[in-house]
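Peer 1: Quick one, what's the 3D model for this:
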Amino acid sequence: TVVGIIWVILQPLASMIVITLVFNVFLEVESGDIPYPIFVLSALIFWRYFATALANGGQSLVSNSVLISKIYFPRIIIPMSACISPIVDFLLSLVVLILVMPFFGVIPSVRLLLVPLLLIVIILTALSVSLWLTALSVRYRDVNQITPFLIQIWMYLVPIMYPIERVPESLRTVYSLNPMVGVIESARWIFFEQNQTPNFTVMLIGMVVVIILLIGGLRFFNRIERSFADII
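Peer 2: Model (predicted):
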């Protein structure tokens, strides 16, 4: 248990150091008025939560196949619990970020009080994608092999290592269809006073995509739920 807690703290810090060296020092990617290490860490803690929730949720039904085949209960409880369980790790990482920020001369914004609202949004984001993946994985087990690759590629399509301004203006609307783009942009606006003007367009597009994915995922999940016990 002790090692697990230490790992939760060290992993985002180690990732922050490596990304800073590669992108900021070697490739000279700038982050404006926000110190680059904090710029990265503020996004990493949300991404790590999403990636863990998606990995757990995407294979949650197959992982609990014995339980599903024994008794009946609302199956949606399984992916929901899988997406909620990484919250403890997220909260520990959030504390690390808040403690590290003053070392870089950054004082947390009073907007930090909005973090619980953003956490709800990212939970729904992870759940909306997990419902599709976990339902598909019951019929097609290869989905569980594809999910880690999907998460790895997805990370580079989110403005974690670079500011969204590096994305060409002509592609930014399409880029914003990625729901995690709005989450990361919202996180940086919440944490930093330097971000006075949030990109409401990006946030709004992300929320619309999440709602569509969630509604579609719920309908798809419920449609094939009755066959889970037979197929699994």
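Peer 1: centroid residue for this protein?
Peer 2: Most central in the chain under C-alpha atoms, centre = their mean is Phe50, positioned 2.5 Å from the mean C-alpha point.
Peer 1: got the CA positions of the host helix or strand of it in CSV?
Peer 2: Take DSSP states H and E as the rule and Phe50 turns out to sit in helix 36-58. Only the C-alpha atoms of helix 36-58 are listed here, as CSV (Å, rounded to 0.1, in the frame of the first residue of the first chain):
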residue,chain,number,x,y,z
TYR,A,36,6.3,24.6,-18.7
PRO,A,37,6.6,21.9,-15.9
ILE,A,38,3.4,23.1,-14.3
PHE,A,39,1.7,23.6,-17.7
VAL,A,40,2.4,19.8,-18.3
LEU,A,41,1.6,18.6,-14.8
SER,A,42,-1.8,20.3,-14.7
ALA,A,43,-2.8,18.4,-17.8
LEU,A,44,-1.2,15.1,-16.8
ILE,A,45,-3.2,14.6,-13.7
PHE,A,46,-6.4,14.8,-15.6
TRP,A,47,-5.1,12.7,-18.5
ARG,A,48,-3.8,10.0,-16.1
TYR,A,49,-7.3,9.8,-14.5
PHE,A,50,-9.0,9.5,-17.9
ALA,A,51,-6.5,6.9,-19.2
THR,A,52,-6.8,4.7,-16.1
ALA,A,53,-10.6,5.0,-16.0
LEU,A,54,-10.8,4.2,-19.7
ALA,A,55,-8.5,1.2,-19.4
ASN,A,56,-10.4,-0.2,-16.4
GLY,A,57,-13.9,0.6,-17.8
GLY,A,58,-13.1,-0.8,-21.3
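Peer 1: Give the next helix or strand downstream of that helix.
Peer 2: helix 60-63.
Peer 1: Residues in contact with that next one: which ones?
Peer 2: 68, 75, 78-79, 81-82, 130, 134-135, 137-138, 141, 144, 228, 232 (C-beta atoms under 8 Å, 6 or more residues apart in numbering). Where you see a C-beta, it was placed from the backbone N, CA and C, and this is true even at glycine.
Peer 1: mean confidence score for that helix?
Peer 2: Averaging pLDDT along helix 60-63 gives 84.
Peer 1: now stretch 169-181
Peer 2: 92.
Peer 1: next one: stretch 70-83
Peer 2: On average, stretch 70-83 scores 87.
Peer 1: what residues are up against Trp97?
Peer 2: Let me fix one detail, which is that residue 97 is Leu and not Trp. Pro12, Ile38, Leu41, Ser42, Ile45, Phe191.
Peer 1: let me fix that: Ser93
Peer 2: Val8, Ile9, Pro12, Leu44, Ile45, Arg48, Tyr49.
Peer 1: Do you know the pLDDT at it?
Peer 2: Confidence for Ser93, expressed as pLDDT, is 92.
Peer 1: likewise Ser227?
Peer 2: 68.
Peer 1: Repeat that for Leu27.
Peer 2: 93.
Peer 1: what's the answer for the one 5 residues further on, then?
Peer 2: Among the per-residue scores, Gly32 shows a pLDDT of 84.
Peer 1: Three-state assignment for it, please.
Peer 2: coil (DSSP: H, G, I helix; E, B strand; the rest coil).
Peer 1: Check the spacing between it and Phe191 real quick.
Peer 2: 14 Å (C-beta to C-beta, to the nearest Å).
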